[in-house]
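Enquirer: coordinates only, sequence not included:
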């Protein structure tokens, strides 16, 4: 689905990505983990096409990413940012309709009907029906992030990029959000690439992980292979134990505190 | 959305028609509304023959040669400035932006002041010399500002606004210099920079009309793109908008409209700032409504302002820019006060 070859990207004199090679298959749920400044967000920006790499190639569906127009690309690939949507006066329904922009002609009409049904369905699925006409700035952070997800769903993409989507949410909304993404991914056979801050969430929801440090991929594999004390130590310089999740059989981390030793 | 537009649009059109009749009727000679309607209908094809003229020739002369062209020109200039202001606010995502933020008016003023200073107003192409030169210097100011703000093929908003402010003060200094240096023509430069619609005649109105209508329709077609930009440039790009191209095109068209309006009327402030805000307060943030309703609102506001400019101290005319500032600035202060109050309430 996505092929990445020899990506190098720098800002000024600082090289942020130094030669990334990576293959993503259709239907994969990938997580990107790594410390601050390791190039996670830059990698996502390059994948989303808003920034071009200096060298290297990215292909999407066998076609060079750079050859897609913004509109074409947005029909295939959607991005959910960390900061989600700004607090604005636009009502919820209209924000979801903005997700249909890549399918509209200059008069705002779509070739096929069904957009309204789609948006109703998304609102039902995300539990937004009561908020339909509320302006965004009166919603809570969790609700707003659900609207942001709804807008991305309205884009009906094949690939979804998530940039630390749960950063500003409390633990209940973090779980709710990841469950929503996960069920959407399975229902539509989506390809998801998510930059994850929380390693335990990453282990629970991602099928595969890449570990990024200093702009290079230092490990990639399943959560069982990546969420280990050794790799965590290498990435973050933090001591941790890993234990098996009793229900899911994936590793979860326990942090070691120096006081207890 | 369409229902809302139809509702507000119908109300706006009724208000526009009423304003038109009042502004044509009031002046040194008062004309009754019935007579004005008759004179106007008489000029229309098909319907015209059904109206029998029962007015004197002087009244018709006043309506057709003096007041109607001036009132219509005011409507066009006001509509253009308000639509351009809405577009500027949308692209720059700054509530204080107006059509003059990027230095268009200052550029036009430099062109006009130079001509007046050297007495060249009528040199090349007669009465059109000044508007054409003002249009060219105004529009090219945008190109300089964009060039100044450019970074690696992108135009970041912050540097765009800063470059605009820099250009404005530099060009403003040139105009002040010319105003101060010219002994005999001080008033003429000064009056041009304060705006006026007097003694323009039909030719300006007819030339401006198609130009401004096309500009407005184009910006209206970009309304959904402006809505997306409100999400932030990154979000807009992810939603399928070619952000840099949209910004450049919208700024260019809004600037051309502004330059055209300024070139015939001089610098009339506050219309482009206040009207889009007022519409936003009434209808909400959707540019599909803001753009067309700003055109109506700007037209209506300008007609009333011009009426005040020519009648309040008649026979002396108050510069139009002074009138719009008198009305616009307090309104803007009220907006700030209201926003402050709302923020305080949200915090409690």
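Expert: All right, it came through fine. Fair warning: this is a prediction, and the values are worked out from it, not measured in the lab.
Enquirer: which residues touch residue A:202?
Expert: A:31, A:33, A:194, A:196, A:209, A:223, A:227 (Cβ atoms under 8 Å, 6 or more residues apart in numbering or on different chains). Placement of C-beta: from N, CA and C, glycine included.
Enquirer: ok, and the closest non-adjacent residue to it?
Expert: residue A:196 (3.8 Å; Cβ to Cβ, 6 or more residues apart in numbering or on different chains).
Enquirer: relative to residue A:188, how far out is the one you found?
Expert: 21 Å (Cβ to Cβ, to the nearest Å).
Enquirer: neighbour count: these two, which is higher?
Expert: residue A:196 (25 against 14; other Cβ atoms under 10 Å in any protein chain shown).
Enquirer: count of residues packed around residue A:100?
Expert: Neighbour tally, residue A:100, other Cβ under 10 Å: 21.
Enquirer: contacts only, for the residue nearest to residue A:202.
Expert: Applying Cβ under 8 Å, 6+ apart, the residues near residue A:196 are A:31-33, A:164, A:202, A:206.
Enquirer: how about 6 Å then?
Expert: A:31, A:33, A:202 (Cβ atoms under 6 Å, 6 or more residues apart in numbering or on different chains).
Enquirer: please pick the buried ones from the contacts of residue A:202.
Expert: In the contacts of residue A:202, burial by neighbour count holds for A:31, A:33, A:194, A:196, A:209, A:223, A:227, counting by 16 or more other Cβ atoms under 10 Å in any protein chain shown.
Enquirer: any idea which residue of the stretch 101-250 of chain A lies closest to chain B?
Expert: residue A:102 (3.4 Å; Cβ to the nearest Cβ).
Enquirer: is it true that that residue touches residue A:74?
Expert: Yes: counting by Cβ atoms under 6 Å, residue A:74 is a contact partner of residue A:102 at 3.9 Å.
Enquirer: what do the two both touch?
Expert: Shared contacts of residue A:102 and residue A:74, counting by Cβ under 6 Å, 6+ apart, come down to residue B:240.
Enquirer: you'd agree residue B:202 is up against residue B:69?
Expert: Yes: using Cβ under 6 Å, residue B:202 is in contact with residue B:69, at 4.6 Å.
Enquirer: looking at these two, which one has more neighbours?
Expert: Taking neighbours as other Cβ under 10 Å, residue B:202 and residue B:69 compare with residue B:69 leading, 20 against 14.
Enquirer: which ones are touching that one?
Expert: The contact partners of residue B:69, by Cβ under 6 Å, 6+ apart, come to B:201-202, B:205.
Enquirer: of all those residues, the one with the weakest confidence?
Expert: Lowest pLDDT of the contacts of residue B:69: residue B:201, 77.
Enquirer: ok, back up a step: give me the number of residues near the residue of the stretch 101-250 of chain A closest to chain B?
Expert: 22.
Enquirer: same check, this time on residue A:173
Expert: 17.
Enquirer: for the contacts of residue A:202, name the two members farthest from one another.
Expert: Maximum pairwise distance in these, criterion Cβ to Cβ, is 14.8 Å, between A:194 and A:227.
Enquirer: from chain A, how far off is the nearest residue to residue B:329 once chain neighbours are set aside?
Expert: Leaving aside its chain neighbours, residue B:329 sits nearest to residue B:270 (6.6 Å; criterion: Cβ to Cβ, 6+ apart). Distance from residue B:270 to chain A, counting by Cβ to the nearest Cβ, to the nearest Å: 23 Å.
Enquirer: what number of residues lie near residue B:270?
Expert: Neighbours of residue B:270 (other Cβ under 10 Å): 23.
Enquirer: was I right to think it contacts residue B:325?
Expert: Yes: in terms of Cβ under 6 Å, residue B:270 counts as a neighbour of residue B:325; the distance is 5.4 Å.
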